[in-house]
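Chemist: Provide a 3D model corresponding to the input given below.
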Amino acid sequence: MLNSKCENCGNIYDKSFSIIMDNERYVFDSFECAINKLAPRCAHCNTRIIGHGVEDDGQIFCCANCARHIGKSNLTDRAENRPTS
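Modeler: Residues are numbered from 1 along each chain as shown. A predicted model of the protein is given here:
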């Protein structure tokens with residue numbers, strides 16, 4: 001993908017890469033731009049979620065604390081009794 005234009009910042013870069021998400025192809029010059037364009041935002045604090053986050057009823061949050069702020073009390077940040085391997 002020599003000299004492709006970044007979907008986020010418009011930079012033309014010889015080391016660009018593509019990401020396919022929901023059957024759409026996006027081109028970026030950095031992970032920073034990919035995160036800015038594609039990562040979901042927390043429904044409470046609007047932070048970009050670059051980890052797993054937590055989700056309830058179609059809403060995604062960066063953490064259980066943010067979910068609790070809008071009344072989602074059944075979410076936790078860490079799984080209890082997770083098997084170890």
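Chemist: find me the pLDDT at the spatially closest residue to Asp56 that is not a sequence neighbour, would you?
Modeler: Counting by Cβ to Cβ, 6 or more residues apart in numbering, Asp56 lies nearest to Lys72, which is 4.8 Å off, once chain neighbours are set aside. Backbone N, C-alpha and C define where each C-beta goes, glycine included. What the model reports as pLDDT for Lys72 is 88.
Chemist: where in this protein is pLDDT low?
Modeler: The model of the chain has pLDDT under 70 over residues 1-2, 78-85.
Chemist: in the protein, which helix has the most residues?
Modeler: With secondary structure taken from DSSP state H, the chain has its longest helix at helix 31-38.
Chemist: restricting to C-alpha, output that one in CSV.
Modeler: Output of helix 31-38 as CSV, limited to C-alpha atoms (Å, rounded to 0.1, in the frame of the first residue of the first chain):
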residue,chain,number,x,y,z
PHE,A,31,-2.3,3.3,15.3
GLU,A,32,-3.1,6.7,16.9
CYS,A,33,-5.2,7.7,13.8
ALA,A,34,-6.9,4.3,13.7
ILE,A,35,-7.9,4.6,17.3
ASN,A,36,-9.2,8.1,16.8
LYS,A,37,-11.3,7.1,13.9
LEU,A,38,-12.5,3.7,14.9
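Chemist: starting at the chain centroid, how far to that helix?
Modeler: 8 Å (Cα atoms, centre = their mean, to the nearest Å).
Chemist: quick one: contacts for the closest residue to Arg41 other than its chain neighbours?
Modeler: Residue nearest to Arg41 in three dimensions, not counting chain neighbours: Arg48, with 6.0 Å by Cβ to Cβ, 6+ apart. If you count contacts by Cβ atoms under 8 Å, 6 or more residues apart in numbering, Arg48 has them with 35-36, 39-41.
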